[in-house]
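> what follows is a protein structure lacking sequence information:
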């Protein structure tokens, strides 16, 4: 059995994985879905200085203190950036990396190099779309009750984690067992971006006919793809 660590994307928290974790646990796996620094229920800690590297360092520390090995790192959306950095920092603990409709930036790239976002509400510490934009664009693929549930939990994301170039010293130069899952109804990240990751990593490729939040729209199918070798 494996240890699954599920990393959420922007404007989310570990809550986004609630419909997926039961499927993984039912298969006998151990599952962690941490909320990243400054996000979700940790939004009260939102402050200057939180970036992809600091969030990833905290997750890598969790792997150490929990003494997790044979870890399958799963990143969705901006969580893909975190997954890549965590994998670098904890190489000997990682069995596989899964990019689930995720950003997979090369060293020195920023989110804006691959994703064009409408004007967001941005402060010196956080950034994110308005609730109206989130409802009518981001969460457009969700059914009414799920959309209402997700909107109630939407929070701004640390601005540096969205704007600053990523630092990946060695991830793309190493050999990884990896999987890329593309959501066919999702505009961002673009399919070409995800194909680049799949080809660079020589990773497996899978597709889901759903939007950018497969953990909410197709949790059982997503869980099966996550568990596929």
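Sure, I can see it. The structure displayed is predicted, hence computed values, not measured ones. Residues are numbered from 1 along each chain as shown.
> my guess is residue 125 meets residue 48, correct?
Yes. Taking contacts as C-beta atoms under 8 Å, residue 125 lies within contact range of residue 48: 5.6 Å. No exception for glycine: its C-beta is placed from N, CA and C like everyone else's.
> of the two, which one has the most company?
More crowded of residue 125 and residue 48, by other C-beta atoms under 10 Å: residue 125, with 15 against 10.
> residue contacts, residue 146?
216, 217 (C-beta atoms under 8 Å, 6 or more residues apart in numbering).
> what are the buried residues along the strand ranked longest in the chain?
When the chain is parsed with DSSP state E, its longest strand is strand 94-102. Using 16 or more other C-beta atoms under 10 Å as the test for burial, strand 94-102 gives 94, 96, 97, 98, 99, 100, 101, 102.
> closest to residue 28 out of those residues?
residue 96 (16.4 Å; C-beta to C-beta).
> bridging residues for that closest one?
residue 72 (DSSP bridges).
> name the SS class of the spatially closest residue to residue 55 that is not a sequence neighbour, please.
Spatial nearest neighbour of residue 55, chain neighbours left out: residue 36 (4.6 Å); criterion: C-beta to C-beta, 6 or more residues apart in numbering. When classified by DSSP: H, G, I helix; E, B strand; the rest coil, residue 36 comes out as coil.
> what segments of the chain are helices?
With DSSP state H applied, the chain shows helices at 21-26, 52-65, 79-89, 131-133, 144-151, 159-163, 191-201, 214-217, 219-227, listed in chain order.
> picking up where we left off before, going by contacts, tell me the helices and strands next to the longest strand of the chain.
Applying 3 or more C-beta pairs under 8 Å, 6 or more residues apart in numbering; DSSP states H and E, one finds that strand 94-102 contacts strand 71-77, helix 79-89, strand 178-183, helix 191-201, helix 214-217, helix 219-227.
> let's go with 7 Å and repeat that
If contacts are counted by 3 or more C-beta pairs under 7 Å, 6 or more residues apart in numbering; DSSP states H and E, strand 94-102 sits against strand 71-77, helix 79-89, strand 178-183.
> pull out the buried positions in the longest one.
Think helix 79-89. Of the residues in helix 79-89, 79, 80, 81, 82, 83, 84, 85, 86, 87, 88, 89 count as buried by neighbour count, 16+ other C-beta under 10 Å.
> now, which of the residues you listed sits nearest residue 131?
Among these, and counting by C-beta to C-beta, the member closest to residue 131 is residue 79, at 21.7 Å.
> neighbours of the residue nearest to that closest one when sequence neighbours are not counted, just the number please.
Leaving aside its sequence neighbours, residue 79 sits nearest to residue 7 (C-beta to C-beta, 6+ apart; 3.6 Å). Around residue 7 there are 31 other residues, counting by other C-beta under 10 Å.
> now for residue 7: which residues touch it?
Neighbouring residues of residue 7 by C-beta atoms under 7 Å, 6 or more residues apart in numbering: 59, 73, 74, 75, 79, 82, 83.
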